[in-house]
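Asker: Generate coordinates for the sequence data below:
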Amino acid sequence: MQHPPTTAHSYLAKQLRLLAVMPLQRGIVHVATVAHDDWCDALHGRGYCNCDPDIRFTTTEGTNNN
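Answerer: Here you go, the predicted model:
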């Protein structure tokens, strides 16, 4: 399967959109887990992320999934 080349990781814009509607709270640890598709170029050392990964935000007080 051939995917178009990218010049930036595609998940960064998605992560910023999610953070815009889910503001971070002060004093809580926030962790973003990015789960790429198996064929993603970033996982195979072929360049930037070119998939639409699942992003999960976890905190010390619970989990928000997107």
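Asker: Against residue 35, how distant is residue 51?
Answerer: Noted for residue 51: a distance of 10 Å to residue 35, by Cβ to Cβ, to the nearest Å. Where C-beta positions appear, they are placed from N, C-alpha and C, glycine not excepted.
Asker: What does the pLDDT read for residue 25?
Answerer: Note for residue 25: predicted pLDDT of 82.
Asker: ok, now the one 5 residues further on?
Answerer: Residue 30 is assigned 87 on the pLDDT scale.
Asker: Is it bridged to anything, and to what?
Answerer: residue 59 (DSSP bridges).
Asker: Give me the contacts around the host helix or strand of residue 12.
Answerer: Using DSSP states H and E, residue 12 sits within helix 11-21. Residues outside helix 11-21 that contact it (Cβ atoms under 8 Å, 6 or more residues apart in numbering): 32, 34, 36, 49, 52, 53, 55, 57, 66.
Asker: One more pass at 7 Å, please.
Answerer: 32, 34, 49, 53, 55, 66 (Cβ atoms under 7 Å, 6 or more residues apart in numbering).
Asker: from the chain's centre, how far out does that helix sit?
Answerer: 8 Å (Cα atoms, centre = their mean, to the nearest Å).
Asker: related to what we said a few turns ago, and residue 51 and residue 35? which has more neighbours close in?
Answerer: residue 51 (20 against 11; other Cβ atoms under 10 Å).
Asker: Double-check that one against residue 38; I have them as touching.
Answerer: No. The criterion here is Cβ atoms under 7 Å, and residue 51 misses it with residue 38 at 8.8 Å.
Asker: Sweet, I'm off.
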